[in-house]
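Peer 1: Prediction below, plus the sequence it came from.
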Amino acid sequence: MTTPIQTIELHPATAPRATIVVLHGLGADGTDFLSLADELDLAAVGPLRWVFPRAPVMPVTINGGYAMRAWYDIYPGTGPADPFSRQEDEAGLRDSFAGVHALLDREVARGVPAERIVLAGFSQGCAITLGAGLRHGQRLAGLAGLSGYLPLAAATAAERHAANAATPVFAAHGSRDGIVVPARGRASRDALQALGQPVDWHEYPMEHSVCLEEVRELEAWLKQVLA
């Protein structure tokens, strides 16, 4: 990534004990999940810094080249809805992995240890969360992937960093998702579990969205990994 990722941030009144980084989906913005900071009751964790990165604006092939915020390109016929897709924008994915790694390193430099950082994301943001999080060189508190999938799956075993081989993963998906079909979410879950990654899997009767039950279960998981 040629330029640093822009972020929207919520800072506690006192020094943070932990940081949660939330990556938005295709065509969305860093503001999309600002409400999570209010919806999740994480007072037990202590002072939290929230970081909401904004993907760069780029042409997206599957949308006719229309420019929008995206973490990587998606090609026609091989998008997230195809559970057997093999053609991925590897260069774009790896650029975003590097950009997110830089954000995580910045948090460490700002005084929050890596093991007190949770990386989370929705849809495309989920893909970057899993791809970047598993490759990060310092142990993270956890990875939360919502309504997404594992990118560059065939390379994960070789490229996953030993530091995050046992990092807990919260993975959630809608059983009626027509954008990232449930089969792809389940395949990603299975691939991670086959590598020995601890995965807390949740499936909800919803489409490509977030539901209240999911928020409550994410809240409980966050309290565990940031206890």
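Peer 2: Sure, I can see it. The structure presented is a predicted model; accordingly, all values stated were derived computationally and were not measured. Numbers count the residues shown, from 1 in each chain.

Peer 1: On the three-state scheme, the nearest residue to L34 once chain neighbours are set aside is what?
Peer 2: Ranked by Cβ to Cβ, 6 or more residues apart in numbering and with sequence neighbours excluded, the top spatial neighbour of L34 is F52, at 6.3 Å. (C-beta placed from N, C-alpha, C; glycine too.) The three-state label for F52, taken from DSSP: H, G, I helix; E, B strand; the rest coil, comes out as strand.

Peer 1: So what sits opposite F52 in the bridge?
Peer 2: Using DSSP bridges, the beta-bridge partners of F52 come out as I8.

Peer 1: Contact partners for it?
Peer 2: 7-10, 21-22, 24, 30-34 (Cβ atoms under 8 Å, 6 or more residues apart in numbering).

Peer 1: can you map out the helices along the protein?
Peer 2: Using DSSP state H, the helices found in the chain span residues 36-39, 90-109, 124-135, 153-159, 182-194, 212-225.

Peer 1: ok, back up a step: so which of the contacts of F52 sit within strands?
Peer 2: Secondary structure from DSSP state E places 7-10, 21-22 of the contacts of F52 in strands.

Peer 1: List only buried entries from the residues you listed.
Peer 2: The neighbour-count test (16 or more other Cβ atoms under 10 Å) applied to the ones in strands among the contacts of F52 identifies 8, 21-22 as buried.

Peer 1: what would the residues you listed look like in a markdown table with pLDDT?
Peer 2: What follows is these, written out as a markdown table (pLDDT from 0 to 100):
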| residue | pLDDT |
| --- | --- |
| I8 | 97 |
| V21 | 98 |
| V22 | 98 |
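
Peer 1: Out of these, flag the one nearest to A172.
Peer 2: Comparing these against A172 with Cβ to Cβ picks out V22 as the nearest, at 13.7 Å.

Peer 1: and the gap between P53 and S96?
Peer 2: As judged by Cβ to Cβ, to the nearest Å, P53 and S96 stand 9 Å apart.

Peer 1: Between the two, which has more neighbouring residues?
Peer 2: Set P53 next to S96 and count neighbours by other Cβ atoms under 10 Å: S96 wins out with 27 against 23.
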